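In: I need the structure of the sequence given here:
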Amino acid sequence: MAWPFTRRETKEHPNGGAFMVPMGETWSRKSSAQDYIREGYQLNVIVYRAITEITKAAASIEIELYGPNGDAIEKHPALDLLKRPTPSMTWDAWVAEMLVNRMLFGEMAAVSGNAGIPAEIWPLNPAHIKVVPGRGGLPSEYVHEVNNSKRAFPVDRLTGQSELMFVKNYNPDDYWRGQSPLMAAALAGDTHNAGMRWNYSLLKNSARPSGLVRFKGGYPGGEVIQRMREYFKARMTGPENAGEIPMLAEDAEWVQLSQSARDMDFSNTMREMAKYIASALGVPLPLIDNDASTFNNMEQAKQRLYTDTVIPVLDELISALNNWLMPRFGDGLELRIDLDTIPALEDLRERMFNRAVKAYEKGVLTRQEARELMGYEPEADGEFAVSQPTIPPDDMKALAYGLDFDTKAEGHKPTEEMANAARRALEWRKEHGRGMTQIGVARARDISNRANLSLETVNRMVSFFARHGVNRDKHYSAKEPDGGPTAWRIAWDGWGGDAGRTWANRIADAADD
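Out: Have a look, this model is predicted:
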C-alpha cells in the first residue's frame, strides 16, 4: 500500500529554466507493514472510525453455547475462557483486536499454547506470521516471529489443525494470505491522507499555494539554486512567513501558480474519499459523517451495519472458533451469536414475529413451525389452527367509517402507571439516544398520552412482551457505561413496562373468552 505517491517528471518551463519551490511535504512510496498500519489506520480518521464502529458493535453481541442436543448451556469452561481469554483481556478487547486485524489484513490469528483444553487464547498480529506453503493446499507450518523471538506451529497434514488458528479471506493474488479490506480502500485512503496534510500545510501558510521562480537569463548554476532554496525556505514557508513578499534579483521573477485551494475543491474530494473508504469497509456513511446523518437514517444505518458487516464478520470468527477451539472441550459443542441481544434488529424481529403469527392464524404454518420461525422451542403437537376472522367487530366498524384502528373512538385506555413508564422511556431515549424503533416511539407517545388503543394494538403488545420477557431478569436493572438503562429497558418501558404487560395480557385473555 502506497502512502501516498507522486509521479516524478522533468519539465522545462516555456519561458526558460525554472525550479519548483516546495511548500509542503513530498511523498514517497512506503511498503512496510508498519507504514501500512500507521498511514492506513492510525493516521486516517475515516478508517479508524469505521473499524471502531465495527469492533464496538461486534463486542456488544452476546455469544451463546449449545450442546449436542441443541440445548443452551449456561455454565461451561469454554464460556469462562471466552469471558477472559487472557489474564489481561476481556472478551470485548479480544474480539476487537481480532476484528481490527481482520479489517486491516484480511486475516485473524490466535494461539492456545497447547493441544489440549486451553487455559488461554492469545490474539496474534498477522503481520508477524509467516505461512509456509505445504502440499494438498495446507500450510506445512505457521512461523511467528517478533522481537527476535521465533516459534513454529506445525499443521497436521490430515486434519489441518494447529495450535495456531489462522483465518483468512480469499485472496486471488496469493493463496496463502488473506485479502485485506483496507487494501481495496488504499487509493482512497492515500488521497484522503494527502488531502488532510495538504490542507494542513495550506493552513499553516495562510492558504498560499506554491510558486516558481523564472530566470530571464537562463537556468543558473547549482550554487545559485541552493542559495535560492535556502532563501525561500527561510522567508516564505511556515505560518510566521504567511503573506511575505519575495525580494528577488533583477534577472529573477516570482510566478505564483494559478491553482488555489478553492480550485482544487478539497471539500468534495475529501467527502468522496470518505464515502469510498466507508463503502470498502462495509460501514454506512451516516455512522461516520455527521453531515450525512439524520435521526431517521441513523437507525437504518445501524441496522445495515449489523446485517451487512458486523454479523457476517463476527460469524466468521465464531465459526473458526467452533472448528479450532470447541472440539477440545468435547463433541457437539457449538458457539452461536445471540441475535436477540442486538437492539438495532428489533424492527426486523418484530416483523418476523408478526409474519409468523399471521401465517399460523391463516393456517399456513403449524404452531410448531411458527414457534421455530419466532426462535422459540417447538411444541410437541403440530396441528393447524382453525382459520377465523381476525378483525374484531370494533375494528370492522372503524373500517366502515374510514377510521384507523388506533384513532377510533372505541378502544382500551392505558393506565396512569403505563403512561408514566412510557414518558420515562421517551426521556431516556432522548437523553441516551438508544432503545425503541420508530414504531415503538409512536406507541410510547400514544401510551404516554393515554390514547385509546385498539385490540389489534393490544395483541401486538402481548407479542412484544412475550418475545422480550425472557430477558427481563438480565436487562431490567442493568446499566450501560454512561449510567443509563439498557436499550432493552427503554423499549420495555416504552410499551408500558410491567404494568403494560399485565394490562395487555388481561385484555387479550378477555377477548379470547
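
In: Show the backbone phi and psi for the residue minimising distance to the centre of the chain.
Out: For the chain, the residue nearest the mean C-alpha position is Ile54 (2.5 Å; C-alpha atoms, centre = their mean). With angles defined as degrees, to the nearest 10, Ile54 sits at phi -70, psi -50.

In: So, low pLDDT: which residues of this protein?
Out: Along the chain, the parts satisfying pLDDT under 70 run over 1-33, 201-212, 217-221, 235-251, 254-267, 290-296, 374-411, 513.

In: hey, where'd the strands end up in it?
Out: 18-20, 63-66, 72-73, 107-111, 122-124, 129-132, 141-146, 149-154, 164-168, 211-215, 252-256, 334-337 (DSSP state E).

In: taking those strands together, which one is wrapped up most tightly?
Out: Counting by mean count of other C-beta atoms under 10 Å, strand 107-111 has the highest mean neighbour count of those, with a mean of 24. The C-beta positions use only the backbone N, C-alpha and C, and glycine is treated the same way.

In: May I have the strands that pair with it, each with its orientation?
Out: strand 122-124 (antiparallel), strand 164-168 (antiparallel) (DSSP bridges).

In: closest to Lys233 out of these?
Out: strand 122-124 (45.5 Å; C-beta to C-beta).

In: thinking again about what came up before, in TSV: the strands paired with strand 107-111, plus distance to Glu145.
Out: Below are those laid out as TSV (distance: least, C-beta to C-beta, whole Å):
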stretch	distance to Glu145
strand 122-124	11
strand 164-168	13
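
In: So which of those strands is nearest Gly137?
Out: Nearest of those to Gly137, taken as C-beta to C-beta: strand 164-168 at 12.7 Å.

In: Contacts for that closest one, please.
Out: 102, 106-112, 124, 126, 129, 131, 139, 142, 144, 153, 177-179, 316-317, 320-321, 324-325 (C-beta atoms under 8 Å, 6 or more residues apart in numbering).

In: and the angle from that strand to strand 149-154?
Out: Interaxial angle of strand 164-168 relative to strand 149-154 (axes from the mean of the first three to the mean of the last three C-alpha atoms, to 10 degrees): 80 degrees.

In: Next, the angle from strand 164-168 to strand 141-146.
Out: 100 degrees.

In: then strand 164-168 to CSV, C-alphas only?
Out: Written as CSV, here are the backbone C-alpha positions of strand 164-168 (Å, rounded to 0.1, in the frame of the first residue of the first chain):
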residue,chain,number,x,y,z
LEU,A,164,-2.3,-21.6,16.0
MET,A,165,-5.6,-20.6,14.5
PHE,A,166,-5.2,-18.7,11.2
VAL,A,167,-8.3,-17.4,9.3
LYS,A,168,-8.0,-15.6,6.0
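
In: So what's the gap between it and the chain middle?
Out: Remark: strand 164-168 is offset 22 Å from the chain centroid, using C-alpha atoms, centre = their mean, to the nearest Å.

In: my guess is Ser162 contacts Val155, does it?
Out: Yes - using C-beta atoms under 8 Å, Ser162 makes contact with Val155 at a distance of 4.6 Å.

In: overlap in contacts of the two?
Out: Shared contacts of Ser162 and Val155, counting by C-beta under 8 Å, 6+ apart, come down to 141-142.

In: So which of the strands paired with strand 107-111 is nearest Ala419?
Out: Across the strands paired with strand 107-111, Ala419 has its closest neighbour in strand 122-124 (49.2 Å, C-beta to C-beta).

In: who touches the closest one?
Out: So strand 122-124 is contacted by 85-86, 89, 94, 97-98, 101, 108-113, 144, 164 (C-beta under 8 Å, 6+ apart).

In: Show me which of these is closest to Ala186.
Out: Asn101 (17.0 Å).

In: Surely that closest one touches Met108?
Out: Yes - with contact defined as C-beta under 8 Å, Asn101 counts as touching Met108 (5.6 Å).
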